[in-house]
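J.: Here's my sequence, what's the structure:
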Amino acid sequence: MRKFKLTVLLAVFVSTASFGFAQKAADSITIPAKTISKKDVSNPTIYIGGNMSGGQQTIDALLAKPFLIAKGSESDGIEWTVLSYEVTFVSNGKEEAPIRVTGAEFTDQIKHRIQAAAPGTMIEFSNIQIQSSAGKRTIVQTFMVRIR
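T.: Next up, the predicted model:
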């Protein structure tokens, strides 16, 4: 019985010492990180293919790099990812139902619609959801392109 008590006491001592050491070690770990406040980060600018920010574009230019990206200011140093968005085609004054896209790249449906679009067709990108280390956001401004 005495051996058992000694073993239990020794086990308790080792556990307590190990826990105390681990706690002390955990308190001393420093992880360098940049604290980011959502208020300090401005909304990024939305582009098609990296350089088109709206206006009149040719079909070939739109389909050369068929994806949306979000670029913040260089001073923010934050990389944004496009999660989803809606695309609405407006032709001859008639607005079609929005098409929901997940991810940054245009779907085949969107590419085919752009390919078949007549000059003057407006393409609206809205409800653009983006994410970064600063969190998720929805860009409320509509991003528009007119087919040249």
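
J.: wait, is residue 113 part of a helix?
T.: Yes: checked against DSSP: H, G, I helix; E, B strand; the rest coil, residue 113 lies within a helix.

J.: Tell me the pLDDT of it.
T.: Looking at residue 113, its pLDDT reads 97.

J.: just the one 5 residues further on next, same as before
T.: With respect to pLDDT, residue 118 scores 97.

J.: residues contacting the residue lying closest to it once chain neighbours are set aside?
T.: Excluding the flanking residues, the one nearest residue 118 by C-beta to C-beta, 6 or more residues apart in numbering is residue 91, at 6.3 Å. Where C-beta positions appear, they are placed from N, C-alpha and C, glycine not excepted. Applying C-beta atoms under 8 Å, 6 or more residues apart in numbering to residue 91 gives the contacts 117-118, 120-122.

J.: Run a quick neighbour tally on the closest residue to residue 99 other than its chain neighbours.
T.: Spatial nearest neighbour of residue 99, excluding adjacent residues (C-beta to C-beta, 6+ apart): residue 87 at 4.8 Å. Using other C-beta atoms under 10 Å, residue 87 has 22 neighbouring residues.
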